[in-house]
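>>> What shape does this take:
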Amino acid sequence: MMFKKLRRYLIIFRVFLKYNLFSLVYSEVNNYYVSNKRNLCVLDVKNRKKAKNLRMALEELGPTFIKLGQILSKRPDIVSPVYVEELSNLQDNVRSVDFESMKVAFDAFQCRVNGSSQEESDFNVLDVFDHFNTTPIASASIAQVYEAVLNGRKVAVKITRPDLVDTINLDLDILDDMKPLIVRVLGLGSNFDIDAFLFEFRDLLNREIDLRNEARNIKRFRDNFEDIKDVHVPAVYDEYSNEGVLVMDYMEGIPVRKLPQTSAEKSKWYAKIISQSYLKQVYLDGFYHADPHSSNILIREDGIAYIDFGAVGTLDDELRRNMLNLFYGIYKKKVDIVFEAFLKISGTYKEDIDVRRFKIDLDDIISKQNYSVGERQSDNYATLGLKYNLSLPSEFSTLERALILIEANCFELDPKFNLLENAKNIITQVFLKRYSPFEAAEYLQLEGDRYLEIVRNLPQGVNDVIETIRGYRIERFEQKSREIKRYRTADTVLKYIFLLTILLSSAYMAVNGGGYLPILGVVGFSSAIILFGMMFFKHY
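Numbering: from 1, shown residues only. Coordinates of the predicted model:
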């Protein structure tokens, strides 16, 4: 293991030297500088060259580093725009592995398909299919995809590469050692939580290399679009799939970027289906395709089809509600609604920013999204977050990057596309669902169960309170009694001391006094004796 790690370090070092990446360690990336493709100034050319070198180095280093670059390309809140733009071009097309090496992934279910009576040496996975083309139709860093026919139906068979887990674990271990270098090379800043980022990255890779996760994603998408005829999602063949193999329907269609010339009306129809189906995923379902680039959306005569569900995103109810409020505020051109929603999304307080300046910038974004034609708008909020140093949740940044890809696809089809124009119908659906009687009834039912439990436990709770009060009162009474007793004892002692003083004084005057003093002493002495007797009998 140590030898493998050392050898991998040498490969990484050689690639870094080849693309001059060590120079990035000593340079500063200006996150506020926005590169312009038409601007050929020195800074533009220099930054683009660095970003391109980084992209080529990541491609050469293999699956883990390619995925790292792809994840960073979806985080415009932490990576400068010129790097985001270049890393989005990362090609996940790598040299294919021969089928003899790949088919080991089928070993896990050979008994399930053919029965335990068949000898292992006789098993041939190709016999399971009516036809299997052993030349991959797509070859990526994580898996390869093949075309086959199963029980008369055309299917796509996705197979993970051999020894992938060991390679990824070794790279992740090295990335953990290289954390300071990564922060400097990518210009992430000293406040960036690299440990949390690498933890999320490791979790993402673990999900992607287990194809059972993608199978579940596909089923969930099919369920969400079951009643929508224009959007198609492949079916999964569970009995022929496992963690290393995924067999699903082969989706016919043409990638958006390869669509031949068609009528403007038809193209606008496709753009509308793509945008509305995606907004449904986000605002209605809270479960969306996180990598909707042009090759993962196919154009068909009867609509569109989504493929490759390895990367998905989810939004919890609170974030989805805040994002919808933000979107609704833009739609209604209400700066205050957008302002409040954006602060909630970023977890920022008004006292921490220049509110007046911030609202001016928001108003500018709202104006662009409502009135601009043919311009990309989805990355405006990441830019705004960078400008005011706001910490946007990773889910928001991932979604924003996905919306940029959706916009790019729609612009390919309709140069005058405006995302907000296509969002009105979805916004209406979401609000109708949010405030529908069924939603209210469901809420009351869920909350009613909770309140019923409270009411059911109320008598016991009241009894506990009464017992607590009673115990408190008894305790206070006993304490007060002890105090009274203590004060009464002190009072008695003082009285005895007082009478004793009178007794002794009277006795002295009776014996040694002159004139009337002996008579006064006798009276005082007698009185003191009587009072002593009365107090004694009263106490006992």
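>>> Give the other helices and strands that the strand or helix carrying residue 395 contacts.
Per DSSP states H and E: residue 395 is located in helix 394-413. In terms of contacts (3 or more C-beta pairs under 8 Å, 6 or more residues apart in numbering; DSSP states H and E), helix 394-413 is packed against helix 264-279, strand 287-289, strand 312-314, helix 317-332, helix 380-387. C-beta here means a position set from N, CA and C on the backbone, and glycine is covered the same way.
>>> mean pLDDT for those: which is lowest?
Note on these: helix 380-387 shows the lowest mean pLDDT, a mean of 75.
>>> quick one: buried residues of it?
For helix 380-387, burial by neighbour count (16 or more other C-beta atoms under 10 Å) applies to 380-386.
>>> just stretch 405-416 next, same as before
405-414.
>>> Residue 50: neighbour count?
Residue neighbour count, defined by other C-beta atoms under 10 Å, stands at 22 for residue 50.
>>> for the helix or strand it falls within, packing partners?
For residue 50, the host element (DSSP H and E) is helix 42-61. Secondary-structure packing of helix 42-61 (3+ C-beta pairs under 8 Å, 6+ apart): helix 2-18, helix 63-73, helix 81-87.
>>> mind checking which of the ones you listed is nearest residue 126?
For residue 126, the closest of the helices and strands packed on helix 42-61 is helix 63-73, at 26.3 Å, according to C-beta to C-beta.
>>> Pull the residues that contact that closest one.
Contact with helix 63-73 is made by 54-55, 57-59, 78-79, 83-84, 87-88, 90, 92, 94, 141-142, 161, 164, 167-168, 171-172, 175, 186, 201, 204-205, 208, 291, 401, as judged by C-beta atoms under 8 Å, 6 or more residues apart in numbering.
>>> Using ChimeraX, define a selection of the buried residues within the residues you listed.
Of these, the buried ones go into a single ChimeraX selection, burial set by 16+ other C-beta under 10 Å:
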select :54,55,57,58,59,78,79,83,84,87,88,90,92,94,141,142,161,164,167,168,171,172,175,186,201,204,205,208,291,401
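>>> beta partners of residue 146?
Beta bridges link residue 146 to residue 157, judged by DSSP bridges.
>>> isn't it right next to residue 131, touching?
No - applying C-beta atoms under 8 Å as the test, residue 146 and residue 131 come out as separate, 10.6 Å apart.
>>> now stretch 392-399: mean pLDDT?
Computed over stretch 392-399, the average pLDDT equals 79.
>>> I'd assumed residue 310 was in a helix, is it?
No - counting by DSSP: H, G, I helix; E, B strand; the rest coil, residue 310 falls outside a helix, being coil.
>>> Need the per-residue pLDDT for residue 436.
Looking at residue 436, the pLDDT reads 62.
>>> swap in the one 5 residues further on?
At residue 441, the pLDDT value in this model is 61.
>>> for the helices and strands packed on helix 394-413, which one ends up most surrounded?
strand 287-289 (a mean of 22; mean count of other C-beta atoms under 10 Å).
>>> now that one, how far from the centre of its chain.
13 Å (C-alpha atoms, centre = their mean, to the nearest Å).
>>> now do stretch 354-367
Centre to centre, stretch against its chain (C-alpha atoms, centre = their mean), the figure for stretch 354-367 is 26 Å.
>>> Now for residue 14: which residues touch it?
Applying C-beta under 8 Å, 6+ apart, no residues qualify as near residue 14.
>>> Residue 170 now?
4-5, 8.
>>> mind checking how far it is from residue 57?
18 Å (C-beta to C-beta, to the nearest Å).
>>> could the helices and strands packed on helix 42-61 go into TSV alongside distance to residue 353?
As requested, those are exported to TSV (distance: least, C-beta to C-beta, whole Å):
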stretch	distance to residue 353
helix 2-18	39
helix 63-73	26
helix 81-87	21
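>>> could I get the ones you listed as JSON lines with mean pLDDT and distance to residue 359?
Conversion of these to JSON lines gives the following (pLDDT from 0 to 100; distance: least, C-beta to C-beta, whole Å):
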{"stretch": "helix 2-18", "mean pLDDT": "87", "distance to residue 359": "44"}
{"stretch": "helix 63-73", "mean pLDDT": "84", "distance to residue 359": "30"}
{"stretch": "helix 81-87", "mean pLDDT": "80", "distance to residue 359": "23"}
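>>> Give me the angle between the helix holding residue 395 and helix 317-332.
40 degrees (axes from the mean of the first three to the mean of the last three C-alpha atoms, to 10 degrees).
>>> next SSE after helix 394-413?
helix 424-434.
>>> Can I get that following helix as PDB, trimmed to CA atoms?
Taking Å, rounded to 0.1, in the frame of the first residue of the first chain, the C-alpha atoms of helix 424-434 are listed here in PDB:
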ATOM      1  CA  LYS A 424     -45.000  31.200 -14.400                       C
ATOM      2  CA  ASN A 425     -46.900  28.000 -14.800                       C
ATOM      3  CA  ILE A 426     -44.700  26.200 -12.200                       C
ATOM      4  CA  ILE A 427     -45.000  29.000  -9.700                       C
ATOM      5  CA  THR A 428     -48.800  28.800  -9.900                       C
ATOM      6  CA  GLN A 429     -48.700  25.000  -9.500                       C
ATOM      7  CA  VAL A 430     -46.500  25.300  -6.400                       C
ATOM      8  CA  PHE A 431     -48.600  27.900  -4.700                       C
ATOM      9  CA  LEU A 432     -51.800  26.000  -5.500                       C
ATOM     10  CA  LYS A 433     -50.200  22.800  -4.000                       C
ATOM     11  CA  ARG A 434     -48.900  24.700  -1.000                       C
END
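>>> Of the buried residues of stretch 405-416, which is the nearest to residue 281?
residue 406 (9.9 Å).
>>> which non-adjacent residue is nearest the closest one?
Nearest non-adjacent residue to residue 406, counting by C-beta to C-beta, 6 or more residues apart in numbering: residue 278, 5.0 Å away.
>>> which SS class is residue 234?
Secondary structure of residue 234, per three-state DSSP, is coil.
>>> Am I right that it is in contact with residue 246?
No - taking contacts as C-beta under 8 Å, residue 234 lies outside contact range of residue 246: 9.8 Å.
>>> between the two, which one's more packed in?
residue 246 (29 against 20).
>>> how close does the residue minimising distance to the centre of the chain get to residue 494?
Taking C-alpha atoms, centre = their mean, the centroid of the chain lies closest to residue 395, which sits 4.9 Å from it. Separation of residue 395 from residue 494 (C-beta to C-beta): 77 Å.
>>> for the record, mean pLDDT for stretch 214-223?
pLDDT averaged over stretch 214-223 gives 96.
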